[in-house]
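1. need a structure here:
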Amino acid sequence: MTTEFTINITTTRFDEHYSPSDSSRATTNFANLARGEHRQQNLRSTLTIINRRFNDLAHWDNPDGDRYALDLEIVSGQLQFTAAGSDQEFPLLEVLDIQILDRMTGVRYPGIVGNNFSSYVRDFDFSVRLPAVNDAASEFTVPDDFGDLHGKLFQHFLDSAAYRERFQVAPVVCISVSTSKTYHRTENHHPILGVEYQQDEYSLTDDYFGKMGMQVRYFMPPGSVAPLAFYFRGDLLNDYSNLQLIGTISTMETFQRIYRPEIYNAHAAAEDTYRPTLERDDFSETPITYDRVERSQLAIKQGKYTAETFVNPHRGMLEQWAANYPVPAA
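-> The predicted structure follows:
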């Protein structure tokens, strides 16, 4: 008997009034911003920076620098299935979706979904499974099947009727470059994405996204001080409009300036040969409160939750399902 996994999608507006629900991942970056006594100011400041950066990049026919505004929604994907004779639900992943409002014409354009990607199963893989494998290992070891289940669950999310009915294009996930790798500036330059960087070898995160059927390229947009990692399917440079790419850049660069100011709010731009580091002191903190230590601790807690409520009790079913599900194609 084949297990049927159904995807259900719900959305929550991300604005200055946003408050995380009980089912939202506490390690989700936007949830971290929305807690504490400064929560509303955090959210208001974050959205202001995003909109300013968008208008800075979309500068044509925009003399006052305020033509565009972004509306953000948190997209939550739940996995529904039957096990042990009862209906089960597990919070699979969360991403941000972007809508672009042209204030001059009143037209609203779809942006790119996928920003700020977060996943319980990813927490389990990196914060529980990988440390357990390496506890007794003499050298760092990554299992051959590391990320396989997560990649197939992500593919199932994209294949679902719920996703296809709501989104017309493939997602793009934009995150920080790895502090364990060195990046080299190339001669390739895109008018929106900026100058391209390349690295000599993929990071563990690059390989993990590869299991999700996603390629990676690294670009430092105009006015930025460090390259961003863009994970995508298809053709990053030609599958999306300029406004769509700007929406992803302005949103994710803002979040990275908050989360990793040592890299993305540095006082000097990345050199031709660039090794990102969190150890530098020539950077500026943003006025937005963000608890990076708490986020790391919660990743472990939620990875254990995933093990206890999803992976361990349903291991046999998950292994059988994954064995019959096709490998995501990049």
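
2. okay, helices next: where are they in the stretch 201-330 of the chain?
-> For the stretch 201-330 of the chain, the helices defined by DSSP state H, counting those that start in this stretch cover 204-211, 242-259, 261-264, 292-306, 315-324.

3. out of those, which is closest to S178?
-> Nearest to S178 among the helices of the stretch 201-330 of the chain is helix 204-211 (6.2 Å), distances taken as C-beta to C-beta. C-beta coordinates here come from the backbone N, C-alpha and C atoms, glycine included.

4. what helices or strands is that closest one leaning on?
-> Helices and strands touching helix 204-211, by 3 or more C-beta pairs under 8 Å, 6 or more residues apart in numbering; DSSP states H and E, are helix 148-159, strand 215-220, strand 228-232.

5. any idea which helix or strand comes after the lowest-mean-pLDDT helix or strand in the chain?
-> Lowest by mean pLDDT, DSSP states H and E among the helices and strands of the chain is helix 29-33, with a mean of 57. Once the chain leaves helix 29-33, the next helix or strand it forms, by DSSP states H and E, is helix 39-57.

6. what about the stretch 201-330 of the chain, any weak spots by pLDDT?
-> Residues of the stretch 201-330 of the chain that meet the criterion pLDDT under 70 lie in 289-296, 330.

7. nearest residue to F54 in space, please, no chain neighbours.
-> S250 (4.0 Å; C-beta to C-beta, 6 or more residues apart in numbering).

8. wait, doesn't that neighbour sit right on L47?
-> No. With contact defined as C-beta atoms under 8 Å, S250 does not reach L47; the gap is 10.7 Å.

9. give me the more crowded residue out of these two.
-> Neighbours were counted for S250 and for L47 using other C-beta atoms under 10 Å; S250 has more, 24 against 20.

10. Q244 and F232, how far apart?
-> Going from Q244 to F232 by C-beta to C-beta, to the nearest Å gives 12 Å.

11. let me redo that: L149
-> 22 Å.

12. same check, this time on D64
-> 32 Å.

13. comparing those two, which residue is more hemmed in?
-> F232 (24 against 7).

14. so what's the nearest residue to that one once chain neighbours are set aside up against?
-> In this structure, F232 finds its nearest non-sequential neighbour in V172, 4.8 Å apart by C-beta to C-beta, 6+ apart. By C-beta atoms under 8 Å, 6 or more residues apart in numbering, V172 lies in contact with 112, 114-115, 230-232, 236, 240, 248.

15. 6 Å instead, please
-> Going by C-beta atoms under 6 Å, 6 or more residues apart in numbering, V172 touches 112, 114, 232, 248.

16. most neighbours of all the residues you listed, which one?
-> Within the contacts of V172, most neighbours by other C-beta under 10 Å means T248, with 28 neighbours.

17. pretty sure that one sits against C174.
-> Yes. With contact defined as C-beta atoms under 6 Å, T248 and C174 form a contacting pair (5.3 Å).

18. now do the same for S19: its pLDDT.
-> With respect to pLDDT, S19 has a value of 72.

19. can you report how many residues neighbour it?
-> Around S19 there are 12 other residues, counting by other C-beta under 10 Å.

20. distance-wise, check it relative to L43.
-> In this view, S19 and L43 are 10 Å apart by C-beta to C-beta.

21. can you map out the strands along the stretch 51-200 of the chain?
-> For the stretch 51-200 of the chain, the strands defined by DSSP state E, counting those that start in this stretch occupy 68-83, 86-102, 108-110, 115-119, 173-176, 183-190, 194-199.

22. check those for me: which has the lowest mean pLDDT.
-> Least confident of the strands of the stretch 51-200 of the chain, judged by mean pLDDT, is strand 115-119 with a mean of 89.

23. who are the packing partners of it?
-> In this structure, strand 115-119 makes packing contacts with strand 86-102, helix 242-259, judged by 3 or more C-beta pairs under 6 Å, 6 or more residues apart in numbering; DSSP states H and E.

24. and that strand with helix 204-211, angle?
-> Here strand 115-119 runs at an angle of 90 degrees relative to helix 204-211 (axes from the mean of the first three to the mean of the last three C-alpha atoms, to 10 degrees).

25. how far does strand 115-119 sit from its chain's centre?
-> With C-alpha atoms, centre = their mean, to the nearest Å as the basis, strand 115-119 stands 3 Å off its chain's centre.

26. and E196, how far is that from L243?
-> Using C-beta to C-beta, we find E196 at a distance of 20 Å from L243.

27. related to what we said a few turns ago, ok, which of the helices and strands packed on strand 115-119 comes nearest Y208?
-> Once the helices and strands packed on strand 115-119 are compared by C-beta to C-beta, strand 86-102 is nearest, at 13.6 Å.

28. next, the angle strand 68-83 makes with that closest one.
-> Orientation check (the same axes, to 10 degrees): strand 86-102 against strand 68-83 gives 170 degrees.

29. got the angle between strand 86-102 and helix 242-259?
-> Relative orientation of strand 86-102 versus helix 242-259 (the same axes, to 10 degrees): 110 degrees.

30. and strand 86-102, what does it pack against?
-> Going by 3+ C-beta pairs under 6 Å, 6+ apart, strand 86-102 lies up against strand 68-83, strand 108-110, strand 115-119, helix 242-259.
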